[in-house]
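Asks: structure here, sequence nowhere to be found:
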């Protein structure tokens, strides 16, 4: 369109310079066509300006999006760095817990070994107590067997009969039978504590006196205090 407008202008100028007379109609047509060409040129210029503005806007958007993309990359890098740091902290904490678990396991093994040692020692003590009680029982039997009552002498003529002294079995019958006595009687007559008397009743029967210590019913001191005043008759 621009080319045609230029050609029209050149034709008009050529006709004017050559002295040719141009009709008014043709002149008006040429002016109209020139105005149309101007309008088209202005429209093209506006389109160009609009396109330049659009290009500028696109460039600005490109810069903006580029900045946002860079910010996103920076954020992603920060997250990855934080994740790596957190993973390192977790690994360190995991190692600490594993080391602590190993230490606790080692302590547990040591405690278990000590428990087994104490258990074996306790069994040894029980065996020694049982042997000690057996020896005491054997000694008691040997002493009782050696104390045979002497033959009674005939009374002198004319002498009044006298009451004979109580024999050893009679003295033995006065001992309190811990297999039959009540807890209150043991508290009253043996001077035991209520809980000690209750334990004696709970752990019946006893075959020998020493079981009161072997079964951890009463302390050794308490047993030594009452052993001569008790019996274990069935």
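Replies: Noted; the coordinates are in hand. Quick caveat: nothing in here was measured; it's all calculated off a predicted structure.
Asks: only C-alpha atoms for contact and neighbour calcs from this point on.
Replies: Fine.
Asks: how does this structure divide into domains?
Replies: By the record's domain assignment, the chain is partitioned as 1-40, 173-234 (automatic domain parsing).
Asks: now the ones you listed in a markdown table, with mean neighbour count, distance to residue 54 and mean pLDDT?
Replies: Output for these, formatted as a markdown table (neighbours: other Cα atoms under 10 Å; distance: least, Cα to Cα, whole Å; pLDDT from 0 to 100):
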| stretch | mean neighbour count | distance to residue 54 | mean pLDDT |
| --- | --- | --- | --- |
| domain 1-40 | 13 | 21 | 71 |
| domain 173-234 | 16 | 103 | 91 |
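Asks: out of these, which is closest to residue 103?
Replies: domain 173-234 (36.0 Å; Cα to Cα).
Asks: residues in contact with stretch 219-232: which ones?
Replies: Contacting residues not belonging to stretch 219-232 are listed as 175-179, 190, 192, 206-209, 212-213 [Cα atoms under 8 Å, 6 or more residues apart in numbering].
Asks: quick one on the thing from earlier: distance to residue 57 added to the domains of the chain, as TSV?
Replies: Output for the domains of the chain, formatted as TSV (distance: least, Cα to Cα, whole Å):
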stretch	distance to residue 57
domain 1-40	25
domain 173-234	99
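Asks: how about those domains, which one is nearest residue 89?
Replies: With Cα to Cα, the closest approach to residue 89 among these belongs to domain 173-234: 54.5 Å.
Asks: assign a three-state SS to residue 206, would you?
Replies: coil (DSSP: H, G, I helix; E, B strand; the rest coil).
Asks: relative to residue 176, how far out is it?
Replies: To residue 176, residue 206 is 13 Å away according to Cα to Cα, to the nearest Å.
Asks: with residue 110 instead?
Replies: For residue 110, the distance to residue 176 (Cα to Cα) stands at 47 Å.
Asks: circling back: and which of the contacts of stretch 219-232 is nearest to residue 64?
Replies: In terms of Cα to Cα, no member of the contacts of stretch 219-232 lies closer to residue 64 than residue 213, at 93.6 Å.
Asks: for that closest one, helix, strand, or coil?
Replies: Under three-state DSSP, residue 213 falls in the helix class.
Asks: what is whichever helix in the chain runs longest packed up against?
Replies: Assignment by DSSP state H gives helix 24-146 as the longest helix of the chain. Helix 24-146 sits against helix 2-17, helix 211-214, with contacts defined as 3 or more Cα pairs under 8 Å, 6 or more residues apart in numbering; DSSP states H and E.
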